[in-house]
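K.L.:
Have a look; sequence and predicted model below, questions after that.
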Amino acid sequence: MKIKPLSNNIVIEQLKEEEKTKGGILLPQSAEKERPQQGKVISVGPGKTNSHGKVIPMNVKKGDLVLFSKYTPHEIKIEGKEYLVLKEEDILAIIE
């Protein structure tokens, strides 16, 4: 199944966190973890339409690694896989 976001929405696959600390301690799955703020862009909408009816193109593209605000994404599950949907303005940076 393909996901095609509308307007300036972006679908992101969340990157997995390391299960080991820098000191080498393994973290159990029951340990409370903060959601990572990095993800890979899976799909991008066409862009936002301005007041003159012109579509403003997106700054991110499919395949980009991005940093995003951790409290704004909407979580969705499609065919057993979890994704995040957020607006372009919630993207903080593109990781190069």
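P.N.:
Perfect, I can see it now. Numbers count the residues shown, from 1 in each chain.
K.L.:
ok, now which ones touch residue 87?
P.N.:
8, 9, 10, 72 (Cβ atoms under 8 Å, 6 or more residues apart in numbering). In this view, the C-beta of every residue, glycine as well, is placed from N, C-alpha and C.
K.L.:
which stretches of this structure form helices?
P.N.:
For the chain, applying DSSP state H gives no helices.
K.L.:
what residue lies at the spatial centre of it?
P.N.:
residue 12 (3.2 Å; Cα atoms, centre = their mean).
K.L.:
Verify the stated contact: that residue with residue 44.
P.N.:
No: Residue 12 lies out of contact with residue 44 (Cβ atoms under 8 Å); the separation is 9.9 Å.
K.L.:
tell me which of the contacts of residue 87 is nearest to residue 83?
P.N.:
Residue 83 lies nearest to residue 10 out of those, by Cβ to Cβ, at 10.1 Å.
K.L.:
Relative to residue 59, how far out is the closest residue to that closest one other than its chain neighbours?
P.N.:
Nearest residue to residue 10, sequence neighbours excluded (Cβ to Cβ, 6 or more residues apart in numbering): residue 44, at 5.4 Å. Here the criterion is Cβ to Cβ, to the nearest Å. By it, residue 44 lies 10 Å from residue 59.
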